[in-house]
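Asker: Turn this into a model:
(2 chains)
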Amino acid sequence: IFHQNNVTFLPSVSNGLHVHRFSAATSKAIDQEKTEEESTRYNPIHIQMLSKSLHQQIFREKFGEVSNTESQEKKINKSIKHLKRHGLWGKQSTLLPEVDFQLPELYGDNIEDHFRVLAQQQSNTYLMLAESLAEAKLPTMPTEWIKEYGWTKYESNGSTMSVAYPEDRALVFDVEVCMTEGKLPTMAVAVSQNAWYSWCSEQITEDRFSWAQKIGLKDLIPLDQQQSDGEWLPGVVIGHNVSFDRALVKEQYLMKGPKTRYLDTMSFHMAISGLTSFQRILWNYHKKNKNVGNQDVKEHLKKSQQRLQGPLVHDWVEVSSPNNLGDVYSLYCDGLALDKTERKVFVTGSIQDIRHQFQELMSYCARDVKATHEVFSKILPMYFERFPNPVTFAAMLEMSQVYLPVNNNWQRYLNETQGTYEDLQKEMKLSLMHLANDSCELLHNDRYKKDPWLWELDWSSTELKMKKIKGKSKNGNNTQTDVGEVTNDGLSQKSQSMVSAVDMKDNEDDCNHALNFKEAPYGQSAESVRSSDEFEFDENSAYEEYAENSFLSTGNECDQTIESLPFNTQKRSYSQDASVSKPTFKTSELVAIARKRKREDEKRLEAENRINDILASKNLLYKRKQHMVGYPNWYRDLCPRFKVDSDWKPGPSLITSQVQVTPKLLRLTWDGFPLYRDDKHGWGYLVPGRQHNMSRDKQDATSQGDAESVDKKMVEFPIRSLRKLMKDIPKFSDSEKEDDLMTEDEILSKIEELGNGNGSNWDSEEMLKMTKSMKMSEISQKRLCRDSPSWHVGNGPHNDVDIPGCWFFKMPHKDGSHKKVGNPLAKDFLSKMEDGTLSSFGGVQANRILEISKMISFWRNAQDRISSQMVISLERSELPKTVTRHVEYDEDNNYGAILPKVVTAGTVTRRMVEPTWLTASNARPDRVGSELKAMVQAPPGYHFVGADVDSQELWIASLLGDARFAGFHGCTAFGWMNLQGNKLERTDLHSKTADTIDISRDQAKVFNYGRIYGAGQPFAVRLLMQFNHRMSVDEARRKASTMYSATKGIKKYKLKEDVREIVRKLLSKKKQSRWITNEELRTLRRRLKYTLEYQYVEDIESNIPLTDLLDYSFDLTEKREWKVGSESEMFNQLESIAMSDEPRTPVLGCRISRALEPMSVNNEFLTSRINWVVQSSAVDYLHLMLVCMRWLLDKYDIDGRFSISIHDEVRYLVNSNDKYRAAMALQISNLLTRCMFAYKLGMLDLPQSVAFFSAVDIDTVLRKEVSMDCKTPSNPHGLEKGYGIPEGEALDIYDVLKLTNNGSLEKPKIRK
Amino acid sequence: MKIMDPFSDTGHDGNSQQQNVYLQPSCEKGILYNYPAVLKLLNQKLPFGLAEIARCFRKNIHDNSDKFLFNLPEFTQMSMQFYSPPSVATKWMNVWQRERIIWWRKFAGYPSKFHLTDIKMTETQQTVDIQYEFPWGVDSVEIITNRGDVDLVELERQSGINMQGRYGRKVVTPVVIETTAGLDRGMLAYLLDAYQEKERSDTRGKLKERKILRLHMKITPIKVVVHPIKNTRELREISEHLAKELRLSGVNTLYVCDAMTLDQHLVRFDEMGVPFTVIINEGTLKTGVIGMRSRDTALREQMHITEVKTLLLEHLKKE
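Answerer: Down below sits the predicted model:
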């Protein structure tokens, strides 16, 4: 039974020291909780700490020994004062139940030693293998390669032999894939210190017409072999971007794979001398003179030139390079170049090409291997020098083992997602086509001129053009053409003469005619009867007969004599048989009948001729068919040209959401104003009410006489209908977003999106540019303030866009106001569609289109990456027995795995990088395909055990601040909020920020993360305006400033002691404070200057020549620090680390990339460096956790393996029998990792609230929350019903303790 | 309607007068009884499917004028049974859900008005409905059911015939996945989907509320109307010729020539859901140029009379 109670604690300053005793005393009244209270440990400001027993086990210090010195007391008072100022002192906090269990025994004297021992144990074998290979001299490369399936070994004596797999345990390895043939390996080369090896696929050695569809292990490269006892031998494989090669190695797909570890020279390089993405552009500019036109680069260069006032010497460029092997090779190997020309054969060539150039390509591959070895030899010692803690190396070995199990559902997911996507796209296209069709109607009576969206489309249309007719016949019935057929000529003439003879009125309607045939036998006398042979015809055949004779007769038939015509057809003769039975006619009657027939046939013939003439006018058409004659031009552009048997599709099928007319057809509005596109400014919107250009407009048009402008003004903007419309459009209301809508990942992406496309890269340059452009727009706004609406604030107005009666405002662009918006339906505006700012006046259909474009956005961007994931399926014999013997095992299910191509340290902060899995967002009900992660599914008998580190980066940052300020947990306001903050009482970090400037908690979250990632005030201003685009620049500035001074604080400068002395004397001030603001500093300088120049100055004894004080480049201050704010100490700490001569992460002592070290970059890229401190420490966190976890898995024989880590999240694939033990191991790993952090920052204790994961997820699939059903448009039934996947378990530490016999990791003795 | 139950006991008592005669409530049994024969025909290989369209009957009729089509005593049912090995039944169940919803959506102007419901589970079967948003609310037009193997097991018990088929190397009793759609209600859904009231301007430029039946080209009964603008012999001749040509090539064509104004005609054709109207006037006689008026855009495309057939055929093929 655990107790939970709230303790309100208001200690006075004096008893703050004796917190523990005090709390025990007060709780005496509550008997029940007495014992618990007594054992509960608190730190000086009453934050609950680890239980006594755990603390002793980990820190091995004597319990409760507080150094009762004066300085300690001072520190505590300082902290209390600080907390009071931020309104946090004396707030309630929740008492957590004690946690007490027996930890596994730790190695070494302290926790740091412990981790060192673990890491060494885990990595020593590999380290030795790697080092011996790095130091070795490679054997000579073979000159002739053997073209044989499988591995060939080349001995140093020149002999070759076929081997099953390379026999050495340390290899440099490189695989090449013929891209046009698929994803399977084509050839590979490996080298050890003893021999070279080559591998050929069957593709090269054998001719086959088709290859098996299902790819399995047999298609991959074998690298290991199990020993007779079933054990694998440890080995290392080295490569550049080695996870690409690893994904093609056979044994790596086995769930219980070999002990081979992969070392990536690219990751080593990135850690040692990696570049930020912005630096990469600059690097290319310097080294290769590429991208000369890039605006950002130019501006950056200009700025840095001004600052340095000298030639552009950048040391960092010389000690870094981009990641490709060629550049890396020349960086570490004395500028040697690597020939990569053959590479393109693998990219574009066919397998035939590869066979032809087999020797060259093998040599190329081998050269890469050799280069990789050389790089490795150089880079490995550097790595150990810069990353001295063995944990870093051990964790990288572990991280290379990424493994994502999948099954049949993967294919199903791909099919269903693609299907749903195509369906929705079809529907969207259909709806767009309907819209386009419906809009066509506005052509009637020029109604489009009154439409505020469609008025300026190109509504003109063309007439059908035909060749000139040479002469017209008199009655206009026959047209003689210049291409007219001569054979027709005579007939036409004849028919002409006959036409006059025919009484038009005699001719009845077609229908009547046919009816008459039927009525005839009954209703008419013999004399007037039509030919008897027609009697028997029923309506249809008569009609057909008639039609056949009169219309379909060809030229040949016409040549026949008129008399013979009626009797010639077979049907006639048949009907004549019928007439036999009838009374015979007199000759005269027969003659009359014949004559009548003749007349009718003549008529028929005439008609035929007339029709043929009309049809013949086809010759008047031009050969090239005119496109959609009669339709307005904008519509014609949307229709493909008609062609039989092509992929022509009916209707305006070229319309997509990318086409420029689409936003207009959708009648999009921004804040209720119609969208309008200007060539210069891009998309924006029109705000009515402008007076200035109403009359002037016409004058301009006439006076200028510019044909084009007159043309354009032909259609005037329908200001009246817009005004009318404005009344109808419902004013958009602020829709409160759901709480917790944004996850941390989304925040990160938001920040990245705002920050120059890269999270670690807000350089001051960018900021400056932004503020500048903002100022500019403000100035222009002020200048034109007479001509702008008072009721609307936005990006503009841009009054050079001259729409009578309207102001033009640009739509806000995410990169700032100077950029123009290319497509309002782009991804960046999705959120604006969601909150209704960007909406449509086009009715249900248009809204549905917006909805669909939202739904398909994820899959549209990700489909290529996701569907190209290589899945290798495993045969029964290749699966562990746990799987195949499980009840749920299904032989027909394709159990397999994906090995994502990760770069274990892919950024300067050494974060893992991978384009698909590490960036995948969580499932959202309105995003097709967003259930991606949940498609990674454990095979039967296995579970995923994993957890998210709770607010990892905030905790690390606050720990740094706490360590600097008073040296105990939660002593800064920032730290306190992170440890003790409470959402309900709004004392947590996000709520606090939200309350400070009156925004939502979710928005505040973005700002808070932004700050610790190094984002400055300009970022905040921009973000505020993006959150609420109706906020003015001034207001946003004010808010940002309020927020920053409350959190980050105010930048203050410390005057040099000498300077302070001089100032006191010169300005005859009695007191000069040590810390002054920037403003005060400037005033001081001015006053000093004034005094020195214009006033008599007495001689003052000083170390500084007075003249120096006049020089503006002379620094009066010795350092600057943030003051007053809740996070000031944290930032001071971050900056002091970032700006130290040798920045290292505080916990594992990892050095920053050479490209960012102060000695080579001066003061540039400071944001990147500050960001590095926190993010790189977070990577240390992950590394520590992985090493600890590996230790526990091995030590307690827990059947589990590392699956994936996504920044602050780890997942292990664990045998279901061991899942709770694994969960306990994970909790312990977190505890020890946190303690390691605290220990390294000089705090030998840990608050209870952060000691354990709030939840360990035990689940069969990867997902954010175990209860998420991941319903999406492509998974409408959810995981549970649609895929039969039950909810997982989320266990907190108390649950886990219960399930593991109070934290025992030992294997239970009795097992079923 | 009389369905003989080939396996029922009553069929063998020799007294055919006494035999129960009944009106089938669904096609279900009719298809199922064909299973053993077809299985044999296909060499015992699974999976396969059988389909039937048949008239069915029901007793309980609720009087509801809005949805009378739903409750007719006599209706046409379109049914398909798919016999799938149990191991891949879920997969096939998904395939049929997808295929069927795609089919329904294919002909709709607002495809999203057709949607699948959640899976309903009972002890023996899983059901998913395809529903349409009717004006009175959501109602089913098709039901897709995974019926399990109870039907076949029962049939095997009754008949003594082995119902097992081969799948790969295994011999299994298949699971029946059944899709059952109502033709009448389906058509009603499409009519409602197509029905639109739009503002259109008449020849004098006045805006009028017009009813338009935007039926899909494939399901509209009349694809094109040939209409001479005046009732003269020459115009009739050429119009008739065109109408004939179109009919002969398999395009369902209406030929209309009477005294109503063009405008009145067009209103009517729009209401009938005719996608195209070929307008033939005096100019046609000189140049062969006709106006191809589209129901959806209300605009006329000028083209030569000889091009009409190919264009319409392509429309029918591609839409």
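Asker: show me where the stretch 351-500 of chain A has strands.
Answerer: Using DSSP state E, counting those that start in this stretch, the strands of the stretch 351-500 of chain A run over A:404-406, A:471-472, A:479-480.
Asker: Domain parsing of chain B, as residue ranges.
Answerer: Domain ranges of chain B: B:28-190, B:210-317, per automatic domain parsing.
Asker: gap between the two ends of the shortest one?
Answerer: The distance separating the two terminal residues of domain B:210-317, taken as Cα to Cα, to the nearest Å, comes to 29 Å.
Asker: Looking at the stretch 1151-1300 of chain A, which residue is nearest chain B?
Answerer: Per Cβ to the nearest Cβ, A:Lys1281 is where the stretch 1151-1300 of chain A lies closest to chain B, at 4.8 Å. To be clear about C-beta, it is placed using only N, CA and C from the backbone, and glycine gets the same treatment.
Asker: Report the contact partners of that residue.
Answerer: If you count contacts by Cβ atoms under 8 Å, 6 or more residues apart in numbering or on different chains, A:Lys1281 has them with B:118-119, B:121.
Asker: Tell me how many other residues crowd A:Lys1051.
Answerer: If you count neighbours by other Cβ atoms under 10 Å in any protein chain shown, A:Lys1051 ends up with 15.
Asker: Touching, B:Arg100 and B:Ile177? I think so.
Answerer: No: with contact defined as Cβ atoms under 8 Å, B:Arg100 does not reach B:Ile177; the gap is 10.7 Å.
Asker: Which one's more surrounded, these two?
Answerer: Higher neighbour count among B:Arg100 and B:Ile177: B:Ile177, with 27 against 21, using other Cβ under 10 Å.
Asker: hey, what's B:Gly49 bridged with?
Answerer: B:Phe82 (DSSP bridges).
Asker: nope, A:Ser1205 is what I was after
Answerer: In this entry, A:Ser1205 is beta-bridged to A:Val1210, by DSSP bridges.
Asker: The one 10 residues further on now?
Answerer: When bridges are taken as DSSP bridges, the partners of A:Asn1215 come out as A:Tyr942.
Asker: what do you get for A:Ile898?
Answerer: So, taking DSSP bridges as the rule, A:Ile898 has A:Leu404 as bridge partners.
Asker: How much space separates it from A:Ile1258?
Answerer: 22 Å (Cβ to Cβ, to the nearest Å).
Asker: Looking at these two, which is more packed in?
Answerer: A side-by-side neighbour count of A:Ile898 and A:Ile1258, using other Cβ under 10 Å, places A:Ile1258 first with 24 against 21.
Asker: quick one on the thing from earlier: where does the residue of the stretch 1151-1300 of chain A closest to chain B fall, phi/psi-wise?
Answerer: phi -80, psi -40 (degrees, to the nearest 10).
Asker: And the strands in the stretch 51-200 of chain B, which stretches?
Answerer: Along the stretch 51-200 of chain B, counting by DSSP E, counting those that start in this stretch, strands occupy B:74-84, B:114-116, B:120-121, B:126-134, B:137-146, B:165-167, B:170-172, B:175-182, B:195-201.
Asker: Could you do the stretch 201-319 of chain B as well?
Answerer: Under DSSP E, counting those that start in this stretch, the stretch 201-319 of chain B gives strands at B:207-213, B:224-228, B:253-255, B:276-280, B:289-294, B:300-304.
Asker: Out of those, which gets nearest to chain A?
Answerer: That would be strand B:300-304 among the strands of the stretch 201-319 of chain B, by Cβ to the nearest Cβ, at 4.2 Å.
Asker: So that closest one, near chain A or not?
Answerer: Yes: using Cβ under 8 Å from any Cβ of the partner chain, strand B:300-304 comes into contact with chain A via B:300-304.
Asker: which other helices and strands contact that strand?
Answerer: With contacts taken as 3 or more Cβ pairs under 8 Å, 6 or more residues apart in numbering or on different chains; DSSP states H and E, strand B:300-304 sits against strand B:289-294.
Asker: Any residue of the strand it packs on touching chain A?
Answerer: Yes: Strand B:289-294 reaches chain A (Cβ under 8 Å from any Cβ) through B:289, B:291, B:294.
Asker: Looking at these, which is nearest A:Glu112?
Answerer: B:Ser294 (79.4 Å; Cβ to Cβ).
Asker: Let me know how buried the closest residue to the closest one other than its chain neighbours is, in neighbour terms.
Answerer: In space, and not counting its chain neighbours, B:Ser294 is closest to B:Phe276: 6.1 Å by Cβ to Cβ, 6 or more residues apart in numbering or on different chains. When neighbours are counted by other Cβ under 10 Å, B:Phe276 registers 25.
Asker: what bridges to B:Phe276?
Answerer: Assigned bridge partners for B:Phe276, using DSSP bridges, are B:Val224, B:Ser294.
Asker: B:His227 is in contact with that one, correct?
Answerer: No: look at B:Phe276 against B:His227 with Cβ under 8 Å: they stay out of range, at 10.5 Å.
Asker: what sits against residue 130?
Answerer: No chain in the question, so chain A it is. Taking Cβ under 8 Å, 6+ apart, one finds A:170, A:236, A:238, A:263, A:380 in contact with A:Ala130.
Asker: could you do chain B instead?
Answerer: B:Ile130 sits next to B:100-101, B:104, B:114-117, B:140-144, B:181 when contact means Cβ under 8 Å, 6+ apart.
Asker: same thing but at 6 Å, please
Answerer: Contacts for B:Ile130 were tallied using Cβ atoms under 6 Å, 6 or more residues apart in numbering or on different chains; they are B:100-101, B:104, B:141-142.
Asker: Bridged to the nearest residue to it once chain neighbours are set aside, which residues?
Answerer: Excluding its sequence neighbours, the residue lying closest to B:Ile130 (Cβ to Cβ, 6+ apart) is B:Glu142, at 4.1 Å. Judged by DSSP bridges, the bridge partners of B:Glu142 are B:Ile130, B:Ala181.
Asker: So what's the residue count around B:Glu142?
Answerer: There are 23 residues near B:Glu142, going by other Cβ under 10 Å.
Asker: The one 10 residues further on too?
Answerer: Using other Cβ under 10 Å, B:Leu152 is surrounded by 23 other residues.
Asker: tell me the contacts of the closest residue to it other than its chain neighbours?
Answerer: Nearest non-adjacent residue to B:Leu152, counting by Cβ to Cβ, 6+ apart: B:Met163, 4.4 Å away. When the contact criterion is Cβ under 6 Å, 6+ apart, the partners of B:Met163 are B:152, B:156, B:173.
Asker: Let's see that with 8 Å instead.
Answerer: Residues near B:Met163 by Cβ under 8 Å, 6+ apart: B:35-36, B:39, B:152-153, B:155-156, B:173-174.
Asker: cool, A:Ser1267 as well?
Answerer: When contacts are counted by Cβ under 8 Å, 6+ apart, A:Ser1267 touches A:1287-1288, A:1290.
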